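Q: Just to be clear, the model below is a prediction. Sequence and coordinates:
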Amino acid sequence: MSDRRLLFYNDSRHYYLYCYDPPISLADVRAPVDELLGTRVDTLVYGSGPGATVFHHTRVGEIWGERFDGFDTMYAYRAAENIQSLIKRGLDPLDVLIDRAHEKDMEFFASLRMANPGPPDTDSVFNSKFNLDHPEWCLRTRSSSSFNYVYPEVRAERFALAEEYVSRYDVDGLELDWVFEPVFFEEGEVEENTPLMTGFVKEIRQAVDKASEEKGRPILLGARVLPTRDGNLAAGLDVPTWIHEGLLDFVVPNFYGSQNLDADFPFEWLVQLTRETECKVYPALQARIQGDDPVLHGHDYSVGTHMAEKGHYHAGAAAYWDKGADGIYLPWFRYPNGANQQILSEIHDPAILREKPKHYVVRRHDDTAAAQGYDSPLPLSLVTGSEAPGQTVRLYIADDAERAHACLKLRLADWSPADSMTVSVNGQPLPAPTRRQRYGYLYDWLEFDLPSGALRRGTNEVGMAMHGRPPRLDGQVTVESVEVVVTYSTVMPEAD
């Protein structure tokens, strides 16, 4: 399928095998496929298990829970019993899902976590006997207890699982997930071992090509990678070389952690890298929003996080298509429910999104993301003074500036209406706020109705300059959130 548009990731756990009481029915086994029917999802990506162990009938790895006689959590018990109940019926959970996907004309990609971070001194269902038996192969100078990829035995353990997916199962593609716990070498030894990792990816490519030849049909190889070029190289992942040497058929820039939906997600470097290649770019569109009315959503006052809604998905997807994505990858989409089914029937096509209402939200700083070169200026403390330079926040807009109606929303902490502050969009000063809403002593929302043409399609700059504060008020104003809401007016023709 060359025109793959919408890829949906199911991690096999949180909305699946953790949830069903054993013994699981065949109808429930097929749920990851069946719940997507009627949407525009064309590819199911399935992460079978947490990484160290898997949720299918592997012959080369370890099945979740098979070493244990009992479990102290319900989710662990359910998953283990459900897997074994299928195996006892002569069924492999992975085969059942693959067959169902193909029956419904849906592609099936298996996803394999390349880190194996179970602590070598603690046994649990999230660990494996391989981990427990070989603490000498674990990292010693890093915060992660993952395996050190300099050891051939470590690479061989992951290779065996990757090879099994493509040779034994009827998958359409294999995704190597390098983003979960992206620490693979000791401190100070990354650069010298980066070619070793490229060689390992080449070995997996060869195994995939061999399986494709034996089955007489193409099997794709892709990779989840970090959002920035420098972040990948710092982890020993030479993604430019992988693409240049034709080792990947698709690449999925992604970030775990805060899971902020971000219209400004920086994947353009991958679009440039793949321009003259067959490799496709499927950036991950995350599932959460930070900064939008945390009080209303009952979360932490200063941060606030909640599941993204339709307007957020419309904005993010429109920006992704505008920036050159070949498809959109949904890694943590909360499903099923009726509203989300509508989202899955809209975001695959930029033409459908063109005049949909959109809600752009600038993501906030995350320490882990920043360490990978993926940072944000928010929250932003405004420097006060008559000579203080203005400060800017950038955001990407994928809308027709002349036709759209846009509202800029700023959430400010410690702001006073007596402050002397200038707000601008792309250098154009704005008049006084159109609306103001205060949330107790915590913060204020200021809303500015933007004049036609103030925004532009592409990157925009929101400028803020704090010229002076009331006497005896010395603290700084903090910009907690910058958002743009875009709507369109539809004029209906008069009846004859």
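A: Structure's in. What do you need?
Q: So in terms of bridging, what pairs with Arg435?
A: Note on Arg435: beta-bridge partners by DSSP bridges are Glu447.
Q: The one 4 residues further on now?
A: The bridge-partner assignment for Tyr439, based on DSSP bridges, gives Tyr443.
Q: ok, now how distant is it from Ala52?
A: 44 Å (Cβ to Cβ, to the nearest Å). Bear in mind the C-beta positions are built from the backbone N, C-alpha and C, glycine included.
Q: Looking at these two, which one has more neighbours?
A: Ala52 (24 against 15; other Cβ atoms under 10 Å).
Q: That one contacts Pro120, doesn't it?
A: No - Ala52 lies out of contact with Pro120 (Cβ atoms under 8 Å); the separation is 10.9 Å.
Q: Name the residues of stretch 132-150 that are buried.
A: Buried residues in stretch 132-150, defined by neighbour count with 16 or more other Cβ atoms under 10 Å: Leu132, Trp137, Cys138, Leu139, Ser145, Ser146, Phe147, Asn148, Tyr149, Val150.
Q: Mind putting those residues into a markdown table with secondary structure and pLDDT?
A: Shown next, in a markdown table, are these (DSSP: H, G, I helix; E, B strand; the rest coil; pLDDT from 0 to 100):
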| residue | secondary structure | pLDDT |
| --- | --- | --- |
| Leu132 | helix | 90 |
| Trp137 | helix | 93 |
| Cys138 | strand | 90 |
| Leu139 | coil | 91 |
| Ser145 | coil | 78 |
| Ser146 | coil | 88 |
| Phe147 | strand | 92 |
| Asn148 | coil | 95 |
| Tyr149 | coil | 97 |
| Val150 | coil | 98 |
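Q: Return the member of these nearest to Tyr256.
A: Ser146 (13.7 Å; Cβ to Cβ).
Q: who touches that closest one in this structure?
A: Neighbouring residues of Ser146 by Cβ atoms under 8 Å, 6 or more residues apart in numbering: Ala115, Asn116, Pro117, Cys138, Leu139, Glu181, Val183, Phe184.
Q: Check pLDDT for the residues you listed and point me to the minimum.
A: Minimum pLDDT for these is recorded at Pro117 (75).
Q: Now do that one against Asp419, distance only.
A: Plainly put, Pro117 is 48 Å away from Asp419 if you go by Cβ to Cβ.
Q: next one: Phe255
A: Going from Phe255 to Asp419 by Cβ to Cβ gives 35 Å.
Q: And for Tyr15?
A: From Tyr15 over to Asp419 the distance is 46 Å, taken as Cβ to Cβ.
Q: go on, Tyr443?
A: 14 Å.
Q: And these two? Which one has more around it.
A: With neighbours defined as other Cβ under 10 Å, Tyr443 and Asp419 compare such that Tyr443 has more, 23 against 17.
Q: so where's the chain shaky on pLDDT?
A: 1-2, 291-305, 335-339, 490-496 (pLDDT under 70).
Q: about what we covered before: turn the contacts of Ser146 into CSV, columns for distance to Leu455 and secondary structure.
A: Output for the contacts of Ser146, formatted as CSV (distance: Cβ to Cβ, whole Å; DSSP: H, G, I helix; E, B strand; the rest coil):
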residue, distance to Leu455, secondary structure
Ala115, 41, coil
Asn116, 46, coil
Pro117, 43, coil
Cys138, 50, strand
Leu139, 47, coil
Glu181, 39, coil
Val183, 40, coil
Phe184, 42, coil
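Q: nearest to His312, of those residues?
A: Among the contacts of Ser146, and counting by Cβ to Cβ, the member closest to His312 is Glu181, at 27.4 Å.
Q: Contact partners for that closest one?
A: Residues near Glu181 by Cβ under 8 Å, 6+ apart: Arg113, Ala115, Pro117, Ser144, Ser146.
Q: ditto for Ser386
A: Counting by Cβ under 8 Å, 6+ apart, Ser386 makes contact with His467, Gly468.
Q: As a check, name the ranges of all strands in the stretch 351-496 of the chain.
A: All strands of the stretch 351-496 of the chain, identified by DSSP state E, counting those that start in this stretch, fall at 358-361, 380-381, 391-397, 405-413, 420-425, 428-429, 435-439, 443-449, 458-468, 478-487.
Q: Just the C-alphas of the third one, formatted as PDB.
A: Output in PDB follows, covering the C-alpha atoms of strand 391-397 (Å, rounded to 0.1, in the frame of the first residue of the first chain):
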ATOM      1  CA  GLN A 391      10.100  37.900  23.600                       C
ATOM      2  CA  THR A 392       8.500  35.600  21.000                       C
ATOM      3  CA  VAL A 393       6.800  32.200  20.800                       C
ATOM      4  CA  ARG A 394       6.500  30.500  17.500                       C
ATOM      5  CA  LEU A 395       3.700  28.300  16.300                       C
ATOM      6  CA  TYR A 396       2.800  26.700  13.000                       C
ATOM      7  CA  ILE A 397      -0.600  27.400  11.400                       C
END
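Q: any idea of the angle it forms with strand 420-425?
A: Calculated by axes from the mean of the first three to the mean of the last three Cα atoms, to 10 degrees, strand 391-397 forms an angle of 30 degrees with strand 420-425.
Q: Equivalent analysis for the longest one, please.
A: With the same axes, to 10 degrees applied, the angle from strand 458-468 to strand 420-425 works out at 170 degrees.
Q: buried residues in strand 458-468?
A: Asn460, Val462, Gly463, Met464, Ala465, Met466.
Q: Give me the phi and psi angles of Arg288.
A: Dihedral angles of Arg288 (phi, psi; degrees, to the nearest 10) stand at phi -130, psi 160.
Q: ok, back up a step: highest mean neighbour count across the strands of the stretch 351-496 of the chain, which stretch is it?
A: Sort those by mean neighbour count, taking mean count of other Cβ atoms under 10 Å, and strand 358-361 sits at the top with a mean of 27.
Q: and that strand, what does it pack onto?
A: For strand 358-361, the packing partners by 3 or more Cβ pairs under 8 Å, 6 or more residues apart in numbering; DSSP states H and E come out as helix 310-322, strand 391-397, strand 478-487.
Q: residues in contact with Leu410?
A: Val423, Trp445, Leu446, Glu447, Phe448, Val462, Met464, Val479, Ser481, Val482, Glu483.
Q: so how far is stretch 98-107 off the chain centroid?
A: Taking Cα atoms, centre = their mean, to the nearest Å, the mean C-alpha location of stretch 98-107 is offset from the chain mean by 24 Å.
Q: Put the alpha carbons of that stretch into CSV.
A: Extracted in CSV, the C-alpha atoms of stretch 98-107 (Å, rounded to 0.1, in the frame of the first residue of the first chain):
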residue,chain,number,x,y,z
ILE,A,98,-3.0,-10.6,11.5
ASP,A,99,-5.6,-12.8,9.9
ARG,A,100,-8.4,-10.5,11.0
ALA,A,101,-6.6,-7.4,9.7
HIS,A,102,-6.1,-9.0,6.3
GLU,A,103,-9.7,-10.2,6.2
LYS,A,104,-10.7,-6.5,6.6
ASP,A,105,-8.2,-5.2,4.1
MET,A,106,-6.0,-3.6,6.7
GLU,A,107,-2.2,-3.8,6.8
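Q: I would like the residues contacting that stretch, please.
A: 1, 4, 30, 33-34, 36-37, 41-44, 108, 169-173.
Q: Of these, keep whichever come out buried.
A: Among the contacts of stretch 98-107, the ones that count as buried by 16+ other Cβ under 10 Å are 4, 30, 33, 36, 41-44, 108, 169, 171-173.
Q: ok, the residues you listed vs Leu270, which is closest?
A: Using Cβ to Cβ, those come closest to Leu270 at Arg4, 15.7 Å.
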